[in-house]
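Asker: Just a sequence and a predicted model for now, questions to come.
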2 protein chains.
Amino acid sequence: MSKEKKEEMVVTPWDVSGDMDYDRLIEQFGVQRMTPDIPERIAKQAGFKHLQLRRGIYLSHRDVDWWLDEYEKGKKVGLYTGRGPSGNVHLGHMLPWFFTKYLQDAFDADLYFQMTDDEKFVFPYNLTLEQTVANGYDNALDVIACGFDAEKTHIFSDTEDISHLYKIALNVAKRVTYSTAKAVFGFKDSDNIGMIWYPAMQAMTCFLQSEREGANIPCLIPAAIDQDPYWRMTRDIAEKLGYSKPAQIHAKFLPGLGQGGKMSASQPETAIFTKDPPEVAENKIMGAFTGGQPTVREQREKGGDPTICSIYAYYYFLFEEDDGRLVELENDCRSGALICGDCKARLAKVIGRFLVDFQEKREKAKDVLDDYFLK
Amino acid sequence: MSKEKKEEMVVTPWDVSGDMDYDRLIEQFGVQRMTPDIPERIAKQAGFKHLQLRRGIYLSHRDVDWWLDEYEKGKKVGLYTGRGPSGNVHLGHMLPWFFTKYLQDAFDADLYFQMTDDEKFVFPYNLTLEQTVANGYDNALDVIACGFDAEKTHIFSDTEDISHLYKIALNVAKRVTYSTAKAVFGFKDSDNIGMIWYPAMQAMTCFLQSEREGANIPCLIPAAIDQDPYWRMTRDIAEKLGYSKPAQIHAKFLPGLGQGGKMSASQPETAIFTKDPPEVAENKIMGAFTGGQPTVREQREKGGDPTICSIYAYYYFLFEEDDGRLVELENDCRSGALICGDCKARLAKVIGRFLVDFQEKREKAKDVLDDYFLK
């Protein structure tokens, strides 16, 4: 177990790499640190405290307390999250979606789910528009398989549902200068004008439910913290458009199966995709980076370090619902009672079962796709 | 008759002012000077030579000879023009529309007519989106009243028909950098991101018919020369999108009723609007700037100068179809046989009759508006 040199942290809406330092991110992004009352207030409405709330996956936010105040006063509230459909969905993408489903149930909230097929085309991902649009419909199956309520969920494609969106985006765009976009997103003059336009499309969704219902509906965005620049920009103009500033709750990144960094589709061997056959996922898990010792003997003697272990992270973020059993697992690892091979094999079994079940739901989602799309 | 100091010429897609120097514009914009064979070739297809061709209203072009070649080879060709719906339509706006109607008949061509209600909202015209959209539908009545063929004319609103347009615009936007847009249009970093996006929308229409029909259809744009920067940009990327460069034929500006400059809606007293009651138009005409002498006696003695006369310009550009009678009018002015009051009164009568007739057609257009919109 060698401590490697720390990789420099990069967090922008298009690039997340290096070792995460969430404290520094909170400071850099100027967001609010999570306080213990917020998970309590959410849990009170939900009837239980979600695993992700119990385990501090949500480290920071903007105005989520205000959003809760509004709900507690009896006001209708809304949710917004989305996906950049650059390819297949992996577990890291779905981390905030599982939580969003919990929030939808708890707050009886409509969810607007944006497929940013325009973004993934105009930004340099080497994708055609046909590909990003097709990916969006495919990824929608994953969204639906998470169990969202068809009545209250409105998935939409930026390009295919643009007739519902363009006017709102123009209202945003009119109020954002190139200077501001440059300062917030780091645009260069050599970037294309589609990229420069795009922030208006992502901001627009904050007001979509309000526009459709002709009311100012408080909007909460559960998403990974890398998307925060969009909301920082949006919050500056919301009131000029006659709406409240959207609130955010920021998820940590699910680690990849390699050493350090978030789970990333660009390193498919370290990411578990929803379409992976269980045996493929198993192979990835068996080859994952752990906090264990080089040999079984050393592991038995010295124990492992779960804090740097990707396998432990999967139990922690997603697959060990029981807090008591998680502590047990941690203790067994540290003491050397548990060796990596067994621990991995057990996770592979859990994830295998999850995938079989999820893939079944995903198949069924094909029959109800239309019910979930914006009308 | 005093020669006043020349006003500096400004010609951009959003600002046309000062004394027009078309030779300098042709040089500045790098467009092709009109050659005598082009009006002949157009007239051959039409069966007659349009007043605007006979009188040199089209001074320059880009590749209109190629567009004619394609037609003569038996290929289908298309037309594109449009309107920025910032308010009511005046005769200056309609000058190229009348000519476009002649081209539609001559070449049996589909016309795509763009209402840029997004442009007029994001650019600083102090208009709401509701206003620009409403103006677009109102201005469409003027388009229809010009006599276009309902079967072959596709008027569309950028905002209301965006579902047909957005993907094509993204394909354009991906290939235009901010640097290029800045160089072509003079954008500043303090301009909003809607303005910077907009050129993709105006360029997109060059490919709209081709996209809809799945073929590379040569597109000709009859429009005033101030719009040329858009086509310069579009021509640079057309082939990257798999299409031919769009051709242009550039109209001169119809002078206003004041001294110098084009007819402009921002100086309503010098513009004749299609909705003006004949008596309002008459008042504007009677107060117009002419090339005449300060007194009737001086006019009789020295004669007038039709080359600087706004009244003469109206006969020349629009209202004296007969070339022989136009020469007569010019001679009578120069000799002093014709005095300004009589000349104005006669024009007021002609324009009054035109307006009564046009307003009737405009009323009837309300019943067929839907037939003309993009489906």
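Answerer: Nice, I can see it.
Asker: Quick check: which ranges of chain A have low pLDDT?
Answerer: Applying pLDDT under 70 to chain A flags residues A:1-7, A:261.
Asker: and it, which residues reach chain B?
Answerer: In this structure, chain A approaches chain B at residues A:118, A:121-122, A:129, A:159-160, A:162-163, A:166-167, A:170-171, A:173-179, A:181-182, A:187-194, A:196-197, A:199-200, judged by Cβ under 8 Å from any Cβ of the partner chain. Any C-beta I mention is one placed from the backbone N, CA and C, and that applies to glycine too.
Asker: Just the buried ones from those, in ChimeraX syntax?
Answerer: Command for ChimeraX that selects the buried part of the residues of chain A next to chain B, burial taken from 16 or more other Cβ atoms under 10 Å in any protein chain shown:
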select /A:118,121,122,129,159,160,162,163,166,167,170,171,173,174,175,176,177,178,181,182,187,191,192,193,194,196,197,199,200
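Asker: Which ones among the residues of chain A next to chain B map onto helices?
Answerer: Those of these mapping onto helices are A:118, A:121-122, A:129, A:166-167, A:170-171, A:173, A:178-179, A:181-182, A:193-194, A:196-197, A:199-200, per DSSP state H.
Asker: Centre-most residue in chain A?
Answerer: A:P96 (3.9 Å; Cα atoms, centre = their mean).
Asker: what about the nearest residue to A:Q202 once chain neighbours are set aside, distance to B:I225?
Answerer: Nearest non-adjacent residue to A:Q202, counting by Cβ to Cβ, 6 or more residues apart in numbering or on different chains: A:Y230, 4.8 Å away. Distance of A:Y230 to B:I225, computed by Cβ to Cβ, to the nearest Å: 40 Å.
Asker: Quick one: residues contacting A:L347.
Answerer: A:285, A:311, A:314-315, A:319 (Cβ atoms under 8 Å, 6 or more residues apart in numbering or on different chains).
Asker: Separate out the buried members of those.
Answerer: By 16+ other Cβ under 10 Å, those give A:285, A:311, A:314-315, A:319 as buried.
Asker: Which ones among those residues map onto helices?
Answerer: A:285, A:311, A:314.
Asker: Out of the residues you listed, flag the one nearest to chain B.
Answerer: For these, the closest approach to chain B (Cβ to the nearest Cβ) belongs to A:Y314, at 37.3 Å.
Asker: wouldn't that closest one be in contact with A:I351 here?
Answerer: Yes: counting by Cβ atoms under 8 Å, A:Y314 touches A:I351, with 7.2 Å between them.
Asker: which other helices and strands contact the helix or strand where A:H250 lies?
Answerer: Under the criterion of DSSP states H and E, A:H250 resides in strand A:247-251. In this structure, strand A:247-251 makes packing contacts with strand A:58-62, helix A:64-72, helix A:91-107, strand A:219-224, helix A:228-238, judged by 3 or more Cβ pairs under 8 Å, 6 or more residues apart in numbering or on different chains; DSSP states H and E.
Asker: Tell me which of the ones you listed is the most buried.
Answerer: Most buried of those by mean neighbour count (mean count of other Cβ atoms under 10 Å in any protein chain shown) is strand A:219-224; its value is a mean of 25.
Asker: Output that one as CSV, nothing but the C-alphas.
Answerer: Only the C-alpha atoms of strand A:219-224 are listed here, as CSV (Å, rounded to 0.1, in the frame of the first residue of the first chain):
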residue,chain,number,x,y,z
CYS,A,219,-36.8,24.7,-7.6
LEU,A,220,-34.2,22.4,-6.1
ILE,A,221,-31.4,20.8,-8.1
PRO,A,222,-29.8,17.7,-6.8
ALA,A,223,-26.6,17.2,-8.8
ALA,A,224,-22.9,16.7,-8.5
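Asker: coming back round to it: now the contacts of A:L347 in TSV, please, with extra columns for distance to A:V368.
Answerer: Compiled in TSV, these are given as follows (distance: Cβ to Cβ, whole Å):
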residue	distance to A:V368
A:I285	31
A:I311	35
A:Y314	29
A:Y315	32
A:F319	27
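Asker: From these, pick the one nearest A:I339.
Answerer: For the contacts of A:L347, the closest approach to A:I339 (Cβ to Cβ) belongs to A:I311, at 11.4 Å.
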